[in-house]
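>>> My questions are about this predicted structure, shown below with the sequence.
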Amino acid sequence: MLLEDAIITEHGGMGDPQYKIWRLVLKIEMTKEVKPGQFVHLKVSTGRDPLLRRPISIAGIDRDKQEITLLYRLKGKGTEVLTQAKPGEKLNLLGPLGQGFTVPQSGTLYLVAGGIGIFPLLPLAQEALALGVTVHLFWGGGNQSFLESAGLSFWQALDIAVEVSTLDGSMGVQGNVLDLLRKHELAESGRVAVCGPMPMMAAVSEFFKETNFEVEASLEERMGCGLGACLGCVCTLRDEQGKLRRGKVCKDGPVFRAKEVVWDAAL
Amino acid sequence: MLLEDAIITEHGGMGDPQYKIWRLVLKIEMTKEVKPGQFVHLKVSTGRDPLLRRPISIAGIDRDKQEITLLYRLKGKGTEVLTQAKPGEKLNLLGPLGQGFTVPQSGTLYLVAGGIGIFPLLPLAQEALALGVTVHLFWGGGNQSFLESAGLSFWQALDIAVEVSTLDGSMGVQGNVLDLLRKHELAESGRVAVCGPMPMMAAVSEFFKETNFEVEASLEERMGCGLGACLGCVCTLRDEQGKLRRGKVCKDGPVFRAKEVVWDAAL
Amino acid sequence: MQPSKELAKTIKTEVKLGPLTLKNPVLTASGTYGFGEEYAELCPVERLGGITLKGITPEPRLGNPVPRLAETPAGLLNSVGLENPGLKEFISSYLPKVRELPTAAIANISGFSVEDYVQMARALQKASGLAALEVNISCPNVKHGGMHFGTDPASAEQVIAAVKAETDLPVIAKLSPNVTSIVAMAQAAARGGADIISLINTLLGMSIDIEKQRPILANCVGGLSGPAVRPVAVRMVWEVSQAVDLPIIGMGGILTWQDAVEFLLAGASAVSIGTGNFVDPCAPLGILDGIEEYCQRHGVSAVSELTGRAWKKNH
Amino acid sequence: MQPSKELAKTIKTEVKLGPLTLKNPVLTASGTYGFGEEYAELCPVERLGGITLKGITPEPRLGNPVPRLAETPAGLLNSVGLENPGLKEFISSYLPKVRELPTAAIANISGFSVEDYVQMARALQKASGLAALEVNISCPNVKHGGMHFGTDPASAEQVIAAVKAETDLPVIAKLSPNVTSIVAMAQAAARGGADIISLINTLLGMSIDIEKQRPILANCVGGLSGPAVRPVAVRMVWEVSQAVDLPIIGMGGILTWQDAVEFLLAGASAVSIGTGNFVDPCAPLGILDGIEEYCQRHGVSAVSELTGRAWKKNH
Ligand SMILES: Cc1cc2nc3c(=O)[nH]c(=O)nc-3n(C[C@H](O)[C@H](O)[C@H](O)COP(=O)(O)OP(=O)(O)OC[C@H]3O[C@@H](n4cnc5c(N)ncnc54)[C@H](O)[C@@H]3O)c2cc1C
Ligand SMILES: Cc1cc2nc3c(=O)[nH]c(=O)nc-3n(C[C@H](O)[C@H](O)[C@H](O)COP(=O)(O)OP(=O)(O)OC[C@H]3O[C@@H](n4cnc5c(N)ncnc54)[C@H](O)[C@@H]3O)c2cc1C
Ligand SMILES: Cc1cc2nc3c(=O)[nH]c(=O)nc-3n(C[C@H](O)[C@H](O)[C@H](O)COP(=O)(O)O)c2cc1C
Ligand SMILES: Cc1cc2nc3c(=O)[nH]c(=O)nc-3n(C[C@H](O)[C@H](O)[C@H](O)COP(=O)(O)O)c2cc1C
Ligand code: FES
Ligand code: FES
């Protein structure tokens, strides 16, 4: 893990501007260390407003060029400031942070994404594929235009099965990603990596409960330090004995074993 | 007075970088209104840090091109953020603000500047010259390189007498601007416009006290509103009866009759 | 988002704060808007819900020496020290123009004794052309000043009661945030007969010039305002609105319509813009438009329905 | 400016805070630096003057639900709610590693009754390998929590005296800024026998999600920290250092060495970095270097000479 001033090599909007998705490529030193599912904590401004760093998943790793790609959606003040950064400028970055996904060595890997939950999954797909794993993507989005804007072509270029659902039926199965999964004949066993909104991840976890699939989910929570020091970003976990404990999304996660996660946030 | 998003047409460092002097040219609508000695109140950031606007004198007026020139020295956080603004971008500007210098219709006008106090004086020189006034500049700075960096050539291009002093003697008279004035044989009467550090302006005011010169000084004070509403920027004035009152640098000034100003700030 | 002109027809912006009715909930804060004329060229006065005038005292005051301002991260320290022309001059030179303002004008009074407040309250009545009287019991800038009234509930009650007895104007108690319990202060003001509570005044703060090794402000300490204090202000509005049954004018760090809506949802019936005017002299207009559009988007037909929505159970 | 390595030889960075000697005046603040390991890879622990550990309570606590954090202008609201492993687990699982930290480790204790504090003070002694005990009487996050001790002078005195009676460690009283008179609280702590005062803890604040129309924090209110609060913190250090004869650890919004120098000049003998670590995990190092260079530039041979320079007459 490193704190470094990364140089921006590419930065710009991606796809239809209405989805406000941006692609940021950074030249960094620590590409060797990076594992799929990890994130970086970015300083978006040099001033004191916005004050905190912003966590963004690593959506692409190019070890030869020593580059990582981040994909992000313009949400509020912090990501808005970030969009103004220009190629050639530097961005202060802390990372790679957290525990990534387990990369299976063989068998089947299902990737289940909701919306922009797709972003951290590409490096996992690539590493698994390189190891000979059978990778299968299930991705739900609002409509075709969103999926294309959020990088569908990257996925279509991989040698994997890509199945999508859209709420408006403009592409793939009409419905959400659960509807898509239900239509699919599951393999006997394997691994699942899921990323998306909390209710969606809870539902996917539930869906695979009685199967032989081991589900890992990538959680999101507001972060302070990004290092496990401030306890700002916790989730709630229940161990096999039913005992509750907190997990730090930044350090113990963002990827957790889905069956341990207590999805109801009211604790 | 207007609030407008002015477009930056030129922006860059001027002279030797060690003096951190920047030149900013803005395309604005209100050039017609501008009077020598007035200033604009610039919003340097879109965020909340730095929060306040920054007052900068109008150092050049081009009514044909509808442009004003600002010259500023990088001082702290606000001016630092300002240096990052690029041509083509917009800057939100409130102005022109305040009461400027009295432009004499005839006779002699002495301009007395200390350091970057030179900046607001050029438009006054130009307007006075156009009216046939005899203009004479007395300017004190640290050394030749500073004077050149702060726009000496603009002055040398005018049809006026330019006399300078430098603390290190590298150009003109060695000493400060008071030493320079003392060496000069004064005209019988006329007007003086002075701008520079407070003690220097106090000394210049004192210097002309027993003469037939009417001295106007351009004051500086930390500003909030820039409009006379917050009472943040006051100076202290003493009227002929000796009664003290406050003047608002932003609205009643920044130019005041020097003999009314109470230079000792402890009140 | 719809153009604001159309919205103005459909959203009811008028708010009633007890005896004080405002055409809309966007006011400007005392000490930041002079006596109402300074911004007129940039921000049409008639669009404002009201203007709170610069604080006055019985006698004229030169206020504190400069520097009076120091910028801090997302904030501003000021120590104007209640510079003002005094009650007499206010009435003779300023009030005639204030009466002509095409919006509600609220006088703000500060004093150093109960008698000071009484003297001003007696002189300022409905007949003066004012809409309300804001009693500043919280100015932190003046040594031996209003601070005492603003931090001791019994004194606050006393001064509010004394003012209330002298004027027929709606009385607004303006509270200082520099207290252990803002609720206790608000309850005291209520007992004193305040019609409305306004909060917050500035937080006591300071900033040091590390090269000169002395405080930046000539007065050493000053009052902190601006976005930096907003979370404290919102919390206090939230607490007071749930504990005291009086309408609230919320302020402290409002720059945008989003900030203003935060105060309304927390429990304020109107908001006041202070430091925000320095950043954007048209801020009140954008805030009013933004509030209306927000109501539209949330299916709310009157701005007053927003008050306290963040804690009220049923809406 | 000279390279910092050379300076380290010439400027005396050691500071003595009563019975507590620190190799330099730059600490990290409780709750922002875990139990001292999390930042070690980025910020060498041995360079720090000390580490204040995450606050502990007698029993383990899960703390508050999420969201626990909300960013505000130049500030941060948190409502962690004292999540911690509890005293027993702290002693068995964390203390062994804490003892090995190559700097002063300060435990931070919070409780809900005098007995809670007594229990922890009894268990934490010099023999535990700690350098001092910081008594958090000011945590604003926990309902019915430490708040009471932190806002009532008599209770503060009582809890500090009780802790002091049980431990041989230097006792630091950590004060809450949410009070009318910080001086009264500091005086109470001094009467209770505190060796050192630390301030400020967080200001009580809140932030509302205007689309969801409810507070952002699950706990509704939280503690405000970061640059936004710095002017309030500096003012309190300034006041307390002139009124109470105890060394002060100053904190609240320190990000840069300039900020730290401001606290020293205001009257602090050491500083603590909290939220600043989140922005720049190497902040403490830059701050230490900057302080040394500042001393050099101002012809000061020991950092301790900076304390209170903004108000001390002769220097
Ligand atoms: C481990 C992790 C990985 C992430 N990866 C990506 C990614 O690859 N692409 C992407 O677009 N987004 C990602 N996010 C979400 C991203 O961090 C937020 O969208 C971003 O912080 C919003 O900042 P803002 O200032 O634009 O929004 P604002 O709403 O103005 O932010 C206000 C505060 O809330 C925090 N916040 C708001 N939304 C979130 C959120 N969803 N998660 C965490 N903090 C939030 C911000 O960090 C900030 O502190 C990730 C979040 C986490 C925790
Ligand atoms: C009427 C007027 C005209 C001016 N014209 C010019 C000009 O033409 N060129 C130029 O270089 N400078 C000019 N100044 C000074 C300029 O405003 C300050 O240098 C600038 O505000 C510094 O901002 P900063 O953030 O870089 O410095 P910081 O020191 O970080 O500023 C902190 C705060 O103090 C205020 N401040 C600091 N120094 C001054 C100062 N000297 N005067 C007023 N406020 C100050 C800032 O505005 C800000 O609010 C003028 C000032 C006034 C009042
Ligand atoms: C320069 C200045 C002067 C002020 N003068 C007064 C005053 O005279 N009377 C008063 O009650 N409040 C005064 N205040 C406080 C404001 O009315 C307001 O309560 C406070 O600034 C918080 O709001 P804001 O963050 O929007 O500025 C003053 C504030 C500022 C910044
Ligand atoms: C996330 C977080 C957790 C905190 N936890 C504690 C705590 O357990 N005990 C305590 O005394 N102070 C706690 N604090 C307060 C800090 O120690 C410090 O007093 C405060 O944040 C002001 O300093 P800063 O602005 O540098 O953060 C916490 C602060 C933050 C931001
Ligand atoms: S962000 Fe600080 S513990 Fe996770
Ligand atoms: S800056 Fe507000 S009165 Fe001059």
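Great, that's in hand. Ligands and ions are numbered 1, 2, ... in the order given.

>>> Give me the nearest residue to residue 230, chain neighbours excluded.
In the absence of a named chain, chain A is used. Residue nearest to residue A:230 in three dimensions, not counting chain neighbours: residue A:224, with 3.9 Å by C-beta to C-beta, 6 or more residues apart in numbering or on different chains. All C-beta spots, glycine's among them, are computed from the backbone N, C-alpha and C.

>>> could you do chain C instead?
Nearest non-adjacent residue to residue C:230, counting by C-beta to C-beta, 6+ apart: residue C:253, 3.2 Å away.

>>> Over to residue C:300?
The shortest distance from residue C:300 to any non-neighbouring residue, by C-beta to C-beta, 6+ apart, is to residue C:306 (6.3 Å).

>>> right, is stretch C:61-78 up against ligand 2?
Yes. Contact of stretch C:61-78 with ligand 2 (C-beta under 6 Å from any ligand atom) involves residue C:71.

>>> which residue is nearest the middle of chain A?
residue A:120 (2.9 Å; C-alpha atoms, centre = their mean).

>>> Could you report the separation of that residue from ligand 3?
40 Å (C-beta to the nearest ligand atom, to the nearest Å).

>>> wait, what's in contact with that residue?
A:36, A:37, A:39, A:57, A:58, A:59, A:195, A:218 (C-beta atoms under 8 Å, 6 or more residues apart in numbering or on different chains).

>>> Unless I misread the structure, the residue nearest to residue A:230 falls within a helix.
No. Using DSSP: H, G, I helix; E, B strand; the rest coil, the assignment for residue A:224 is coil, not a helix.

>>> quick one: buried residues of the helix or strand where residue A:163 lies?
Applying DSSP states H and E as the criterion places residue A:163 in strand A:161-166. Buried residues in strand A:161-166, counted by 16 or more other C-beta atoms under 10 Å in any protein chain shown: A:162, A:163, A:164, A:165, A:166.

>>> want to try TSV for those, with pLDDT and distance to residue C:25 as columns?
Below are those laid out as TSV (pLDDT from 0 to 100; distance: C-beta to C-beta, whole Å):
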residue	pLDDT	distance to residue C:25
A:162	95	52
A:163	95	52
A:164	96	47
A:165	96	45
A:166	96	43
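
>>> ok, the residues you listed vs residue C:138, which is closest?
Proximity of the buried residues of strand A:161-166 to residue C:138 (C-beta to C-beta) peaks at residue A:166, which lies at 57.0 Å.

>>> Please report how far the closest one lies from residue C:299.
In this view, residue A:166 and residue C:299 are 28 Å apart by C-beta to C-beta, to the nearest Å.

>>> Check residue A:209 too.
If you go by C-beta to C-beta, the gap between residue A:209 and residue C:299 works out to 39 Å.

>>> So those two - more neighbours on which side?
Each of residue A:209 and residue C:299 has its neighbours counted (other C-beta atoms under 10 Å in any protein chain shown); residue A:209 has more, 11 against 7.

>>> Over to residue A:256. Which of the three states is it?
strand.

>>> My read is that residue C:309 contacts residue D:211, right?
No. In this structure residue C:309 lies outside contact range of residue D:211 using C-beta atoms under 8 Å: 11.7 Å.

>>> So which of those two has more stuff around it?
Between residue C:309 and residue D:211, counting by other C-beta under 10 Å, residue C:309 is the more crowded of the two (19 against 11).

>>> The more buried one - that's part of a helix, no?
No. Assigned with three-state DSSP, residue C:309 falls outside any helix and is coil.

>>> Please identify the residues of chain C in proximity to chain A?
Listed as neighbours of chain A in chain C under the rule C-beta under 8 Å from any C-beta of the partner chain: C:73, C:74, C:227.

>>> measure the residue nearest to residue A:205 when sequence neighbours are not counted to residue C:304 for me?
Nearest residue to residue A:205 in three dimensions, chain neighbours excluded: residue A:258, at 3.8 Å (C-beta to C-beta, 6+ apart). Residue A:258 sits 46 Å away from residue C:304, going by C-beta to C-beta.

>>> Over to residue C:292?
Distance of residue C:292 to residue C:304, computed by C-beta to C-beta: 13 Å.

>>> on that earlier part again, contacting residues around the residue nearest to residue A:230?
With contacts defined as C-beta under 8 Å, 6+ apart, residue A:224 is in contact with A:52, A:230, A:232, A:233, D:32, D:69, D:76, D:78, D:275, D:278.

>>> tell me the two of these that are most distant?
A:233 and D:275, at 14.7 Å, using C-beta to C-beta across the contacts of residue A:224.

>>> and the residue nearest to residue C:230, what does it touch?
Applying C-beta under 8 Å, 6+ apart, we find residue C:253 in contact with C:74-75, C:225-230, C:233, C:259, C:275-276, D:73.

>>> what does residue C:191 give?
Going by C-beta under 8 Å, 6+ apart, residue C:191 touches C:157, C:161.

>>> where does residue A:4 fall, phi/psi-wise?
Per-residue torsions, residue A:4: phi -150, psi 160 (degrees, to the nearest 10).
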